[in-house]
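S.K.: What follows is a predicted structure for the sequence shown.
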Amino acid sequence: MKKILLVCAAGMSTSLLVNKMKDAANEKGVEIEIFALPVSECDSVANEVDVVLLGPQVRYQKAQVDAIIGGRVPVEIIDMRDYGTMNGKGVLKKALELMK
């Protein structure tokens, strides 16, 4: 099963986005694991995920996450508009495109 990691600061708004993305995946019939962690815990799952998406509030830590992931999978910043509107469908679509 594919796994999407959302990287966040504290996790409150990001967990809401995770739920919206899970709802969108269920609607599409896509089996996927989606979860959120702070940057400090990324290394614990770096070898288990298929794509990493950073919340706009932690975009300044992209270089740090890139170093943790080591180029193994795509690391991208979530579009600020999609994040702000909690567009689970849009963020899921982007993640699925990055995994192809």
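M.R.: Received it, and whenever you're ready, just let me know what you need.
S.K.: Okay, now the unreliable bits of the chain?
M.R.: For the chain, residues meeting the criterion pLDDT under 70 lie at 11.
S.K.: So which residues of it form strands?
M.R.: Using DSSP state E, the strands of the chain run over 2-8, 32-38, 51-54, 75-77.
S.K.: In the protein, which helix is the longest?
M.R.: Longest helix in the chain by number of residues (criterion: DSSP state H): helix 12-28.
S.K.: any residues touching that helix, and which ones?
M.R.: Around helix 12-28, the neighbours that count as contacts under Cβ atoms under 8 Å, 6 or more residues apart in numbering are 4, 6, 8, 31-32, 34-36, 55, 78, 83, 86-89, 91-92, 95. Quick note: C-beta positions are derived from backbone N, CA and C, even for glycine.
S.K.: same thing but 6 Å
M.R.: Outside helix 12-28, the residues that touch it by Cβ atoms under 6 Å, 6 or more residues apart in numbering are 6, 8, 32, 34, 36, 55, 86, 88, 89, 91, 92.
S.K.: To residue 63, which of the strands of the chain lies closest?
M.R.: Residue 63 sits nearest to strand 75-77 of all these, at 9.6 Å, using Cβ to Cβ.
S.K.: Contacts made by the closest one with the rest, please.
M.R.: With Cβ under 6 Å, 6+ apart as the criterion, strand 75-77 contacts 52, 53, 54, 59, 65, 66, 69.
S.K.: most neighbours, which of the residues you listed?
M.R.: When neighbours are counted as other Cβ atoms under 10 Å, the busiest of the contacts of strand 75-77 turns out to be residue 53, with 29 neighbours.
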